[in-house]
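Enquirer: Please find the sequence and the predicted model below.
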Amino acid sequence: MELLLRDLLARELVCAPHVVARLAARLAADPPSVVEVAERLTPDQRLGRRALPSPLPLTPAVERAFAELELSERDRTLLLAQTLRSGDDLGTLVAFDGRSARELAASPVGALLVIHAGRVRLSDPRHSVWIQALSTSARTAEVHSRLAGLHAALGDEDAAAWHRARASLTGDPAAARTLVGAARRLLGAGREERALALAREAAAHVSGHRRDGAMLLAGLAAVGAGLAGDAVHDLGSLYPRASARLRGRALGGLLVAQTFVLGAVPDVDPALFRPRSAKGRAAWRDWTRAAGLAALLCAERGDRAPMRLWLDAVREGAAVVGAETELREPVVALCWLLAGDSEVGVGEGEGPLCGTLLRALRLAARGDIEQGLRLLRDDSPLADLAPDHLVPGLERSPLVRAYRAVAETLLLVWRGDIGAARERLLRAAVELPVALPFAGLGVVLARRLDLAVRGEIGPVAHALTAVLPVGGGVDGLVDRGIEAFLAGAVDAAGAAVELWRDGGAPEPVLGVPGLEEVAVAAQVQRAASGPVTPPDLAAARDLRVRLLAASTGSWPSERDDVRETARTLRSPFARARVELVLGLQHAVRDDHLAARMHLQRAERLFEAAGADAWARAARDRIDRLDTTAAQLVPAPERLSVCRSVWRRRLTARELDVAMLAVRGAGNREIGRELSVSVRTVEVHLGRVFAKLEVRNRVELTALAHRTERHL
């Protein structure tokens with residue numbers, strides 16, 4: 001997947017990771033085929049804002065793959081039928097063709113099918129693109145018609161209606177009614193893209209109010225699938241001509257879709273869409289739900305003033321329909337939690353957002369990250385049975401699952417499990433629209449996690465960044481600062497952080513670790529209304545700030561207090577960051593022994609957290625300390641006294657290793673000099689440390705210096 005994304009990025013064909021995953025699945029992961037199809041997609045299709053075309057366009061790579069393939073008319077028809085139907089049961093295909101399963105397997109077309117346990121699929125998914133492109137409209141309609149009759153005989157009305165509608169040249173209102181019902185069921189089952197296809201097909205066969213109803217269903221399915229561009233088109237088509245009832249039901253989804261497209265919540269007055277009459281509870285409920293979604297979108301973006309306006313609308317609407325407990329209380333609580341005040345609103349609701357997500361974030365923000373993770377990881381069939389009154393019908397949708405995946409990633413980061421957090425987000429990114437939740441928080445996390453593990457931003461994070469609308473969610477200055485700091489370019493890191501601070505120091509509403517290691521203490525103090533952060537991480541950040549702020553006079557007391565407090569931090573990543581700053585501050589004060597101790601501790605903790613790039617950065621600082629310490633030792637020709645003294649306690653080979661180490665040679669360099677393995681050098685060096693009662697190279701070098709000077 002990363003190779004495909006990297007290739008597409010190099011060609012300036014930026015695709016959302018989950019779009020690339022779908023292209024790969026439908027094109028047998030063949031790189032030339034994926035690239036050629038991506039070239040023919042619109043930017044919105046590549047970025048996941050609109051659904052992929054069905055069928056995918058035929059490209060030269062696919063044509064070449066099957067240029068030598070020869071099939072009879074019967075086999076071509078069977079292959080087309082397998083492509084057009086949505087199921088995989090073998091019995092239906094056998095009934096369509098008339099040959100037995102054994103006969104099919106033995107025929108030329110059998111080589112293009114995988115038949116097993118009563119199921120059948122194409123051996124190469126590109127056959128679907130190829131056969132549909134080579135089939136005329138008349139042939140395709142004929143196959144759909146035959147499949148419709150076959151499914152009707154089998155009692156599968158939904159499939160029969162789909163094929164009958166696809167075969168119709170003049171419209172089929174009866175099939176449209178069946179398709180609308182099937183789309184509603186698919187929507188509730190979390191199959192939004194299939195629901196979208198059925199609802200749009202239904203809309204093509206009817207007009208007036210019935211068409212508006214189908215477009216409403218299609219638009220809601222598009223919202224749930226994360227296809228914001230499709231949702232804006234379908235739901236926007238209801239304004240202003242559709243009935244007030246349908247427009248009211250579309251309002252919430254349209255606000256969500258427009259926010260995802262524009263990067264900001266539409267600036268509209270909630271009262272503009274308020275129901276005109278106190279009667280009509282359904283209309284008030286729709287308006288209240290839309291206000292709740294708008295308030296949540298504002299809270300995600302840190303826009304408190306409009307959030308309050310929409311929350312006032314939620315309270316008004318909930319009072320009319322009596323939804324204080326099921327809708328108002330959880331929405332108020334979730335919004336204020338994101339706004340940084342978890343004590344405002346103590347209620348909670350049911351379902352994946354008003355229930356699970358709210359409870360998990362609240363627990364984690366108060367310090368119980370493990371319990372929050374347990375809630376988010378509960379993917380059992382019973383977990384999502386409770387309806388969510390904020391997003392009814394979309395409880396199992398890709399968008400809602402993306403919210404949960406991003407929240408789980410965040411909690412893993414808060415726990416200090418950086419490697420696991422990155423793996424969780426990468427898995428989610430190829431399945432779900434993870435760039436959309438929490439105003440692009442998933443993108444910020446993808447970039448920071450790549451930096452923490454790899455030391456650079458990878459292709460998945462680059463692709464996710466492109467999905468965001470202009471100006472949405474990501475401030476690259478902090479990322480550049482972290483990348484520079486990890487590479488050892490402290491001045492460049494400080495300049496990036498300075499520019500970030502001058503720009504208002506923008507941060508996500510849910511705290512993601514930034515970079516204080518290069519900042520001046522007075523400039524990194526956290527605002528009272530800063531991002532939501534669990535106590536452990538807030539304490540670690542405050543400890544780093546204290547170390548940076550410590551004056552010469554206060555340094556000893558601050559250092560000792562921070563050391564003790566750091567031991568109480570449960571997050572290995574958070575504690576490692578404190579140990580790193582301790583090491584750097586000791587190094588600045590020329591206390592190399594203490595600096596090395598803290599940097600080694602930081603390195604081990606970073607490794608435990610899976611933050612490999614941070615661990616390498618700590619190791620680089622240790623190597624620089626060793627080099628500096630070696631430079632303090634007298635010139636080689638003046639080490640004769642030290643050599644004479646140590647010869648009494650060390651073997652000849654141990655003495656050679658010790659003297660080379662004192663002069664600053666690394667283990668590999670010593671091995672080359674003495675023609676021994678690195679492992680042998682390590683063994684000898686360990687014995688030297690034990691015999692001379694030192695703990696590391698720095699202490700060994702210091703001992704050599706003292707010995708040479710005082711004897």
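Expert: That came through, no problem. Numbers count the residues shown, from 1 in each chain.
Enquirer: Pull the contacting residues for residue 230.
Expert: Counting by CB atoms under 8 Å, 6 or more residues apart in numbering, residue 230 touches 49-51, 196, 218-219, 222. All C-beta spots, glycine's among them, are computed from the backbone N, C-alpha and C.
Enquirer: brain fart, residue 236
Expert: Applying CB under 8 Å, 6+ apart, the residues near residue 236 are residue 254.
Enquirer: Equivalent analysis for residue 669, please.
Expert: Contacts of residue 669 by CB under 8 Å, 6+ apart are residue 660.
Enquirer: That one sits in which helix or strand?
Expert: Residue 669 belongs to helix 667-674 when assigned by DSSP states H and E.
Enquirer: so after that helix, what's the next helix or strand?
Expert: Taking DSSP H and E, what comes next after helix 667-674 is helix 678-692.
Enquirer: What residues sit buried inside the very next helix or strand once past that next one?
Expert: Proceeding C-terminally, helix 678-692 gives way to helix 697-710 as the next helix or strand, assigned by DSSP H and E. Under the neighbour-count criterion of 16 or more other CB atoms under 10 Å, helix 697-710 has 697-705, 707-708 buried.
Enquirer: now the angle from helix 697-710 to helix 667-674?
Expert: On the basis of axes from the mean of the first three to the mean of the last three CA atoms, to 10 degrees, helix 697-710 is oriented at 60 degrees to helix 667-674.
Enquirer: With only the CA atoms kept, save helix 697-710 in CSV.
Expert: Taking Å, rounded to 0.1, in the frame of the first residue of the first chain, the C-alpha atoms of helix 697-710 are listed here in CSV:
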residue,chain,number,x,y,z
ARG,A,697,32.5,5.5,28.6
VAL,A,698,32.1,8.9,30.1
GLU,A,699,33.1,7.8,33.5
LEU,A,700,36.0,5.8,32.0
THR,A,701,37.2,8.9,30.2
ALA,A,702,36.9,11.1,33.3
LEU,A,703,38.9,8.5,35.3
ALA,A,704,41.7,8.6,32.6
HIS,A,705,41.8,12.3,32.8
ARG,A,706,42.0,12.3,36.6
THR,A,707,44.7,9.6,36.6
GLU,A,708,46.8,11.4,34.1
ARG,A,709,46.5,14.7,35.9
HIS,A,710,47.1,13.6,39.5
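Enquirer: With only the CA atoms kept, save the helix holding residue 669 in PDB.
Expert: Taking Å, rounded to 0.1, in the frame of the first residue of the first chain, the C-alpha atoms of helix 667-674 are listed here in PDB:
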ATOM      1  CA  ASN A 667      33.100  -0.100  19.200                       C
ATOM      2  CA  ARG A 668      33.300  -0.800  15.400                       C
ATOM      3  CA  GLU A 669      36.400   1.400  15.100                       C
ATOM      4  CA  ILE A 670      38.000  -0.400  18.000                       C
ATOM      5  CA  GLY A 671      37.100  -3.800  16.400                       C
ATOM      6  CA  ARG A 672      38.700  -2.800  13.100                       C
ATOM      7  CA  GLU A 673      41.800  -1.500  14.900                       C
ATOM      8  CA  LEU A 674      42.300  -4.700  16.900                       C
END
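Enquirer: Using a markdown table, please lay out the buried residues of helix 697-710 together with pLDDT and distance to residue 234.
Expert: A markdown table is the format used below for the buried residues of helix 697-710 (pLDDT from 0 to 100; distance: CB to CB, whole Å):
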| residue | pLDDT | distance to residue 234 |
| --- | --- | --- |
| 697 | 84 | 67 |
| 698 | 82 | 67 |
| 699 | 84 | 71 |
| 700 | 87 | 72 |
| 701 | 84 | 71 |
| 702 | 82 | 73 |
| 703 | 85 | 76 |
| 704 | 84 | 77 |
| 705 | 77 | 77 |
| 707 | 79 | 82 |
| 708 | 70 | 82 |
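Enquirer: Distance to residue 243 added to the residues you listed, as CSV?
Expert: Shown next, in CSV, are those (distance: CB to CB, whole Å):
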residue, distance to residue 243
697, 79
698, 79
699, 82
700, 84
701, 83
702, 84
703, 88
704, 89
705, 88
707, 94
708, 94
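Enquirer: So which bits of the helix or strand hosting residue 607 are buried?
Expert: Counting by DSSP H and E, the element that carries residue 607 is helix 592-609. Residues of helix 592-609 classed as buried by neighbour count (16+ other CB under 10 Å): 592, 594-603, 605-609.
Enquirer: least trustworthy position among the residues you listed, going by pLDDT?
Expert: Lowest pLDDT of the buried residues of helix 592-609: residue 592, 81.
Enquirer: Settle this for me: it is touching residue 698, isn't it.
Expert: Yes: the pair residue 592 / residue 698 is scored as a contact, 5.5 Å apart, by CB atoms under 8 Å.
Enquirer: after the lowest-mean-pLDDT helix or strand in the chain, next one along is what?
Expert: In the chain, the helix or strand scored least confidently by mean pLDDT, DSSP states H and E is helix 521-524, which has a mean of 43. Counting by DSSP H and E, the next helix or strand C-terminal to helix 521-524 is helix 535-549.
Enquirer: quick one: buried residues of that next one?
Expert: 536-548.
Enquirer: Residue 56: which of these is nearest?
Expert: Among these, residue 537 lies closest to residue 56 (CB to CB), at 44.9 Å.
Enquirer: Tell me the pLDDT of the closest one.
Expert: 91.
Enquirer: And it, how close does it get to residue 513?
Expert: Per CB to CB, to the nearest Å, residue 537 is found 7 Å from residue 513.
Enquirer: Now the common contact residues for the two.
Expert: residue 574.
Enquirer: can you map out the strands along this structure?
Expert: Secondary structure of the chain (DSSP state E): strands located at 113-116, 119-122.
Enquirer: May I see those arranged in CSV, with mean neighbour count as well?
Expert: Formatted as CSV, the strands of the chain follow (neighbours: other CB atoms under 10 Å):
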stretch, mean neighbour count
strand 113-116, 15
strand 119-122, 16
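Enquirer: want to throw those strands into a markdown table with distance to residue 650?
Expert: Shown next, in a markdown table, are these (distance: least, CB to CB, whole Å):
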| stretch | distance to residue 650 |
| --- | --- |
| strand 113-116 | 69 |
| strand 119-122 | 71 |
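Enquirer: Export those strands to a markdown table and append columns for mean pLDDT.
Expert: Supplementary listing: the strands of the chain in a markdown table, determined by pLDDT from 0 to 100:
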| stretch | mean pLDDT |
| --- | --- |
| strand 113-116 | 93 |
| strand 119-122 | 94 |
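Enquirer: Quick one: residues contacting residue 76.
Expert: Residue 76 neighbours (CB under 8 Å, 6+ apart): 131, 134-135.
Enquirer: any chance of the residues you listed in JSON lines, with pLDDT, distance to residue 618 and neighbour count too?
Expert: Putting those into JSON lines (pLDDT from 0 to 100; distance: CB to CB, whole Å; neighbours: other CB atoms under 10 Å) gives the following:
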{"residue": "131", "pLDDT": "95", "distance to residue 618": "57", "neighbour count": "26"}
{"residue": "134", "pLDDT": "92", "distance to residue 618": "60", "neighbour count": "14"}
{"residue": "135", "pLDDT": "94", "distance to residue 618": "61", "neighbour count": "20"}
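Enquirer: these two touch, right, residue 160 and residue 148?
Expert: Yes: between residue 160 and residue 148 there is a contact under CB under 8 Å: 5.0 Å.
Enquirer: Compare neighbour counts for these two and give me the winner.
Expert: Between residue 160 and residue 148, counted using other CB atoms under 10 Å, residue 148 has the larger neighbour count: 23 against 20.
Enquirer: what's the pLDDT at residue 633?
Expert: pLDDT at residue 633 comes out at 49.
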